[in-house]
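S.K.: here's my sequence, what's the structure:
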Amino acid sequence: MKTTLVTGANKGIGFEVAKQLLQNNVFVYLGSRNLENGQQAVDELKSAGFNNVEAIELDVTNDQSVKEARKTIGEKTSVLDILINNAGISGGQPQTSLSATMQQFHDAYETNVFGVVRVTQAFIDLMQKSDQPRIVNVSSGQGSITLASDPTSAYYNFKGAVYQSSKSAVNMYTVVLAFDLKDTLFKVNLVSPGFTKTDFNGNRGTGTVEDAGKRILKYAFIGQDGPTGKFFCEETNPLTGEIPW
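M.R.: Next up is the predicted model:
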């Protein structure tokens, strides 16, 4: 049975991803900043008949929390097959380039960028023992500089200096990560789940968590002949999924 860690998985897209992984007979470590919230999510999944799931206290913004999570999971398994870096925040309002505060930038980057780096570096040793290691970093089409500067893009008028720049940053980290792992068994990709209706956006999204989860799992399960170091958003490009940087 494959093992997976999903960060920020106690609600929203992360919770749906955990559920779909369980439906595919994968053991899930459900990462949650608040252990009580994580346990409630696990209880809900178990009440639905899924037993191969365990809540892990994991605050991606805290070095010690990530180290403790690595220690806890390392005591339970010697191999981690899939890492889904899903935890993220919007950065709050306002988000114009001239009015967003330094605290907003700091908080968003701490979660959306540094959190991805922390967790990836902490768990890479367990993943190196897998025969099919997969890393999926959950990004956003809003992180595409090409689309953000294209007046014909569907979301051109939706600008956010904090959130968008943090996603662009994690996109570049992922490109370099994939490059550093190119001669290994790893597949490392970015997936934008699309404008999904969740608490994250005040339930203004137009897509479902079910579709978002399927888009993420597609790249968590890709074969050895699949892509690495690519950026996908099937909402923007239903044909091949790949979108510009």
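S.K.: neighbours around Leu185, how many?
M.R.: 13 (other Cβ atoms under 10 Å). In short, each C-beta sits where N, CA and C put it, glycine included.
S.K.: now do the contacts for Lys159.
M.R.: Gln95, Thr96, Ala148 (Cβ atoms under 8 Å, 6 or more residues apart in numbering).
S.K.: return the subset of those lying in helices.
M.R.: Ala148 (DSSP state H).
S.K.: okay, the contacts of Lys159 in a markdown table with distance to Glu210, pLDDT and neighbour count next?
M.R.: Listed next are these as a markdown table, based on distance: Cβ to Cβ, whole Å; pLDDT from 0 to 100; neighbours: other Cβ atoms under 10 Å:
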| residue | distance to Glu210 | pLDDT | neighbour count |
| --- | --- | --- | --- |
| Gln95 | 28 | 96 | 20 |
| Thr96 | 34 | 97 | 11 |
| Ala148 | 27 | 97 | 19 |
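S.K.: between the contacts of Lys159, which is nearest Val113?
M.R.: Gln95 (16.1 Å; Cβ to Cβ).
S.K.: my read: that closest one touches Val162, true?
M.R.: Yes - when contacts are counted by Cβ atoms under 8 Å, Gln95 is listed as touching Val162 (5.0 Å).
S.K.: joint contacts of the two?
M.R.: Gln104.
S.K.: which residue packs closest to Met1, ignoring adjacent ones?
M.R.: Once flanking residues are discounted, Met1 sits nearest to Phe27: 5.3 Å by Cβ to Cβ, 6 or more residues apart in numbering.
S.K.: return the set of residues that bridge with that neighbour.
M.R.: Thr3 (DSSP bridges).
S.K.: let the chain start at 556 from now.
M.R.: Taking 556 as the first residue, the last one we looked at is Phe582.
S.K.: for it, give its distance to Ile628.
M.R.: 11 Å (Cβ to Cβ, to the nearest Å).
S.K.: roughly how far is stretch 676-694 from the heart of the chain?
M.R.: 12 Å (Cα atoms, centre = their mean, to the nearest Å).
S.K.: ditto for stretch 718-729
M.R.: For stretch 718-729, the distance to the chain centre is 12 Å (Cα atoms, centre = their mean).
S.K.: who touches it?
M.R.: Taking Cβ under 8 Å, 6+ apart as the rule, stretch 718-729 contacts 645-646, 650, 660, 663-664, 667-668, 671-672, 692, 694-695, 697-700, 703, 743-745, 784, 786, 800.
S.K.: which of those count as buried?
M.R.: The neighbour count (16 or more other Cβ atoms under 10 Å) marks 645-646, 650, 660, 663-664, 667-668, 671, 692, 694-695, 697-699, 703, 743-745, 784, 786 as buried among the contacts of stretch 718-729.
S.K.: show me where pLDDT drops low in this protein?
M.R.: 752-762 (pLDDT under 70).
S.K.: the helices in it, which residues?
M.R.: 567-578, 590-602, 618-629, 657-664, 670-682, 700-703, 716-735, 764-775.
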